[in-house]
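>>> Fold the following.
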Amino acid sequence: DHRDLHSFPTRRSSDLQLDQAIVAHTGAVLTMSSCNEGLCTGGKDGLVKLWSTTLEVKLEVDMAMLNSLDACVRSVLWDNELKKVLVGTAGAEIYELSAEDGANFHGDAPLTQGHFGGELWGLSVHPTLPQFCTVGDDQMLRIWSLFDHKLLRANELEMMSRACAYSPDGSQIAVGYGAPVRSSAKQFDGKFVVLSYENGTLAGAAEGHNAKGGVTCLKFSPDGQVLALASRDAVIYLYSARTGYELVGICDKHTAPVLRMDISADSKVIRSCCANRELLFFSAVSGEPVPAAEVKDAAWASHTVPLTWGTQGIHPAEPNGVDVLATSVADGSVLAAGTSTGSIKLYNYPCIDKASPSTDLQAHVGAVADLVACPEGGTGLRSMAIALNHWLLTNLVLNVMMMVEMVLMLVLMIDVVHQLSTVV
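Now for the predicted structure:
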């Protein structure tokens, strides 16, 4: 680790010689920012230091004392005119500090923050409030304001998670554990917990563990009576909310990990797809297979399965290396599709023709892992909450603008009518 500051006298580059070396941090010096007042450094030790032009320490701030989840400093920016220092941490946080005394301008919280470490897949939108929740490989459940783009609550989880779901009345949040890569001996892939969520407070309500693989998807039935849990073991498990989330059925006809599922509006049928691109239908009560012909006219409470009749036009006639990973339908007429290349495509719904036009939004630099249409006060579903599967700011926190561009959990506000004006 490079822990020292080296200074060189001002000469031609061919004549440079070391003038002095100063021990700056107990770990590697990872970032520096200079201004006419001196130099700001950040280190692996979690310290931010402001140095004079003669390399004397003027101010030292320990980011761990500001409650950073991972205090390792990855980026700093010192603006002497504003007398502020921006600090980006490995915990996907950006702090705005006073350059005079190190005080946090935002009290006990960062200026902005996101998930960190691994990937982000779990996303669910509150059924009535402008809020959504996310879970990720950083073992955190976060609840966000949809319109203010602010974190409302963060809760540490037992292990990595890639699936979550609000109950139909918003009073509970189900969280499924597990990921493709095992990170510790305490990673119980397939376990789930149900947390009560009232008045901004989270508390344990129930838990279970029957799946033999990581949880990939969770869905409550619209009537709130059943929690469906899809797993990497190719099985969907059905739990009764009326009896303390007792296992009441399984759907075991898939041949590969189950990736997406929807439940019919009458809470009777599940449709699901797996990694082998199978589209199957099951009873949401017993788990027994249901013939496709019997549900051809069914109304669905969600449209996250990308292999349905109404979404066949979003897939190219010939493979082009771009996969559709997530879909959602807004206001019953707009289909949004998130791709493996980070783009979001908007279509008229249903989308049947392979040549259907779309409005394309290059939204992210990584794959769009999930997107959900959000209720908006009775004016139709116009907002999209987007979960981005990417490296969660561990190496990308450079400054506030970088955070805005690369933040791993974004709320992308889409005026669907305007965006579709070139399609219709």
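
>>> got the residue ranges for the strands in the stretch 251-400 of the chain?
258-263, 269-274, 279-283, 324-330, 334-339, 343-348, 359-362, 367-374, 383-389 (DSSP state E, counting those that start in this stretch).

>>> for these, which one sits closest to G213?
With respect to G213, and counting by C-beta to C-beta, the nearest of the strands of the stretch 251-400 of the chain is strand 258-263 at 9.4 Å. Just so you know, the C-beta spots here come from the backbone N, C-alpha and C atoms, and that holds for glycine as well.

>>> quick one: strands adjacent to that closest one?
strand 269-274 (antiparallel) (DSSP bridges).

>>> Name the residues of the partner strand that are buried.
By 16 or more other C-beta atoms under 10 Å, the buried positions in strand 269-274 come out as V269, I270, R271, S272, C273, C274.

>>> My guess is the third one contacts V258. True?
Right, the one you point to is R271. No - the pair R271 / V258 is not scored as a contact, 11.1 Å apart, by C-beta atoms under 8 Å.

>>> tell me the contacts of the residue nearest to N155 when sequence neighbours are not counted?
Excluding the flanking residues, the one nearest N155 by C-beta to C-beta, 6 or more residues apart in numbering is L141, at 4.5 Å. Applying C-beta atoms under 8 Å, 6 or more residues apart in numbering to L141 gives the contacts 133-135, 154-157, 161, 164, 173, 175, 195, 202.

>>> again, only this time at 7 Å
With contacts defined as C-beta atoms under 7 Å, 6 or more residues apart in numbering, L141 is in contact with C133, V135, N155, L157, C164, V175.

>>> same check, this time on A206
V194, G244, Y245.

>>> Make sure the residue nearest to N155 is indeed in a strand.
Yes - counting by DSSP: H, G, I helix; E, B strand; the rest coil, one finds L141 located in a strand.

>>> What does the pLDDT read for it?
On pLDDT, L141 comes in at 96.

>>> repeat for Q17
For Q17, pLDDT reads 75.

>>> Just the element for it, please.
Per DSSP states H and E: Q17 is located in neither a helix nor a strand.

>>> Give the burial count for R242, as a bare number.
For R242, the count of nearby residues is 11 (other C-beta atoms under 10 Å).

>>> pretty sure it is in a helix, no?
Yes - assessed with three-state DSSP, R242 lies in a helix.

>>> sorry, back to before: reformat the strands of the stretch 251-400 of the chain as JSON lines; add mean pLDDT and distance to D297.
Shown next, in JSON lines, are the strands of the stretch 251-400 of the chain (pLDDT from 0 to 100; distance: least, C-beta to C-beta, whole Å):
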{"stretch": "strand 258-263", "mean pLDDT": "98", "distance to D297": "15"}
{"stretch": "strand 269-274", "mean pLDDT": "98", "distance to D297": "11"}
{"stretch": "strand 279-283", "mean pLDDT": "98", "distance to D297": "13"}
{"stretch": "strand 324-330", "mean pLDDT": "93", "distance to D297": "16"}
{"stretch": "strand 334-339", "mean pLDDT": "93", "distance to D297": "19"}
{"stretch": "strand 343-348", "mean pLDDT": "93", "distance to D297": "20"}
{"stretch": "strand 359-362", "mean pLDDT": "88", "distance to D297": "29"}
{"stretch": "strand 367-374", "mean pLDDT": "87", "distance to D297": "22"}
{"stretch": "strand 383-389", "mean pLDDT": "54", "distance to D297": "27"}
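
>>> Which of those strands sits closest to G107?
strand 383-389 (26.3 Å).

>>> what's the model's confidence in stretch 69-88, averaged?
For stretch 69-88, the per-residue pLDDT averages 96.

>>> Repeat that for stretch 293-302.
Stretch 293-302 comes out at a mean pLDDT of 95.

>>> Can I get that stretch in CSV, CA atoms only?
As requested, the backbone C-alpha atoms of stretch 293-302 are provided in CSV (Å, rounded to 0.1, in the frame of the first residue of the first chain):
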residue,chain,number,x,y,z
ALA,A,293,-55.5,-22.9,-22.9
GLU,A,294,-57.4,-22.4,-19.6
VAL,A,295,-55.8,-19.1,-18.8
LYS,A,296,-55.5,-17.4,-22.3
ASP,A,297,-58.0,-14.7,-21.2
ALA,A,298,-56.8,-14.3,-17.7
ALA,A,299,-56.1,-10.8,-16.3
TRP,A,300,-52.8,-10.5,-14.5
ALA,A,301,-51.9,-8.4,-11.5
SER,A,302,-48.4,-7.8,-12.9
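
>>> Find the residue closest to T327 in space, skipping its chain neighbours.
Per C-beta to C-beta, 6+ apart, closest to T327 is P306, 4.6 Å.

>>> Below-threshold pLDDT in the protein: ranges please.
1-16, 375-424 (pLDDT under 70).

>>> hey, where'd the helices end up in it?
400-406, 416-419 (DSSP state H).

>>> ok, the buried residues of strand 269-274 vs D189, which is closest?
C274 (17.0 Å).

>>> In the beta-sheet assignment, what are the partners of that closest one?
Beta-bridge partners, per DSSP bridges, of C274: V258.

>>> Quickly note the distance from it to V235.
10 Å (C-beta to C-beta, to the nearest Å).
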